[in-house]
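>>> fold the following, please.
(one chain, ligands or ions: 2)
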Amino acid sequence: MKVGLVGFPGSGKTTIYNALTGQRAETGYAGRGGRPNRAVVRVPDQRVERLAEIYQPKKVTFAEIMFVDMPAPPGASQRSLDPQALAAMREMDALVQVARGFPAEDGTAPDPAGELSDLAAELALGDLAPVERRLERLKKERGRPGETELLERLKAQLEQGLPLRQLTLSESELTLLSGYRFLTLKPLLVVLNVDEASLGRPLPPEVEAAAAGLTVIPLSGRIEMDIAAMPPEEQLAFARELGLSEPAMGRFVRAAYAALDLISFLTVGPDECRAWTIRRGTVAQRAAGKIHSDIERGFIRAEVMHYDDFMAAGGSEVRVREAGRLRLEGKDYVVKDGDIIHFRHAT
Ligand SMILES: Nc1nc2c(ncn2[C@@H]2O[C@H](COP(=O)(O)OP(=O)(O)OP(=O)(O)O)[C@@H](O)[C@H]2O)c(=O)[nH]1
Ligand SMILES: [Mg+2]
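Ligands and ions are numbered 1, 2, ... in the order given. Down below sits the predicted model:
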């Protein structure tokens, strides 16, 4: 999954990127105008670790997220996004807006609520342009049935500066729209980058209002970046000393999975224990395709035991089977978080 860190210049995107990935990309003005920073991180998952202890596999593989930190162009103005930035954002599966909650180096006071509403307006404008272009074309050529009506609906929403994700769109409408890769249809999460002193304070009401139902994760980028740069075995103790339950990565990933409606299923065996990330609601046959398209195509059935049942049975597949908790599921079975699955497939 590709997650883009977006926001206005100097909001702390690169700092948060370093905090989440443990990288040491250059922050501040020196980091401006370069290429995007990219890093793949593993999603912490104790279940995978426990399973690996039981199976002792040759390989252990965690779910992964790729973070992309988009640099502001040199000389970027404070509150706008250039077409290049919009294009790069379209490539992402999800977006994380970093909003500045600390005074800037030049003393400019923070205005995170303003940044949230300004970015929302920029994204809505970015989506409005292709809708208007297509509607213009549809005056001269025949579109697909219902296309004009659908696009008029989107236009009305975007003209009010509102995101498309607030509309109720059917599966077939979403399919028709998939080529646009609309920015305001992508899952969006907000990181409020606050000063050390503001950690633990409740969210300011104006930020809550501007976030309009989005998940807001308060983080102190600078502290978290320092934590992420420490040896792994010292990170937890240091975070606890600062009154944080754990380093940013774990807190962020949990909030992000919940907000993005992501879950993990697991596969086990002597070769590999592994977590796979899917959208909630994915059926077994589609989930199999995460592993390999051949397994999806030749899908016969899924043998499923839940991680909790497996652990309750002392980590023994035989005992899970005896307890009647090993299930055979068909292609339309909706996969649950923590399902340990063995796919039977024709080759
Ligand atoms: N006080 C404080 N300063 C921070 C924090 N996070 C970032 N900064 C500072 O804010 C400045 C900008 O941070 P960056 O991470 O480079 O911001 P950016 O969003 O990547 O900036 P551009 O790439 O130029 O758009 C740097 O001087 C950081 O050290 C924080 O949590 N607290
Ligand atoms: Mg940066």
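>>> got any ranges where the chain has weak pLDDT?
Across the chain, the ranges flagged by pLDDT under 70 are 29-33, 73-77.
>>> which residue ranges make up the domains of it?
According to automatic domain parsing, the chain comprises the domains 2-44+64-110+186-259, 120-182, 281-345.
>>> out of these, the one nearest residue 55 is which?
Smallest distance to residue 55 across the domains of the chain (Cβ to Cβ): 8.8 Å, for domain 281-345. For every residue, glycine as well, the C-beta is placed using N, CA and C.
>>> from start to finish, how long is the closest one in a straight line?
21 Å (Cα to Cα, to the nearest Å).
>>> chain center to it: distance?
Put simply, domain 281-345 sits 25 Å off its chain's centre (Cα atoms, centre = their mean, to the nearest Å).
>>> that's a strand at residue 300, yeah?
Yes: Residue 300 sits within a strand when classified using DSSP: H, G, I helix; E, B strand; the rest coil.
>>> from residue 285, how far out is it?
10 Å (Cβ to Cβ, to the nearest Å).
>>> tell me which element residue 89 is part of?
Assigned by DSSP states H and E, residue 89 falls within helix 83-90.
>>> that should have said residue 135, apologies.
Per DSSP H and E: helix 112-137 holds residue 135.
>>> return the distance of that helix from the chain's centre.
That offset, for helix 112-137, works out to 21 Å (Cα atoms, centre = their mean).
>>> now the helix or strand that it is followed by: buried residues?
Next helix or strand after helix 112-137 toward the C-terminus (DSSP H and E): helix 147-159. Going by neighbour count (16 or more other Cβ atoms under 10 Å), the buried part of helix 147-159 is 147, 150-151, 154-155, 157-158.
>>> equivalent analysis for stretch 194-214, please.
Within stretch 194-214, the residues that count as buried by 16+ other Cβ under 10 Å are 194, 203-204, 207, 210-211, 214.
>>> closest one of those residues to ligand 1?
The closest of the buried residues of stretch 194-214 to ligand 1 turns out to be residue 194 (Cβ to the nearest ligand atom; 6.5 Å).
>>> that closest one is in contact with residue 102, isn't it?
Yes: with contacts counted by Cβ atoms under 8 Å, residue 194 reaches residue 102, the gap being 6.2 Å.
>>> nearest to residue 263 among the buried residues of stretch 194-214?
Nearest to residue 263 among those, with distances taken as Cβ to Cβ, is residue 214, at 20.0 Å.
>>> coming back round to it: which one of residue 300 and residue 285 has more residues nearby?
Legend: neighbour count by other Cβ atoms under 10 Å for residue 300 and residue 285, higher for residue 285 (21 against 14).
>>> chain neighbours aside, what residue packs nearest to that one?
Once flanking residues are discounted, residue 285 sits nearest to residue 331: 3.8 Å by Cβ to Cβ, 6 or more residues apart in numbering.
>>> can you redo the domains of the chain as CSV with distance to residue 266?
Putting the domains of the chain into CSV (distance: least, Cβ to Cβ, whole Å) gives the following:
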stretch, distance to residue 266
domain 2-44+64-110+186-259, 12
domain 120-182, 28
domain 281-345, 5
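>>> no more questions from me, cheers.
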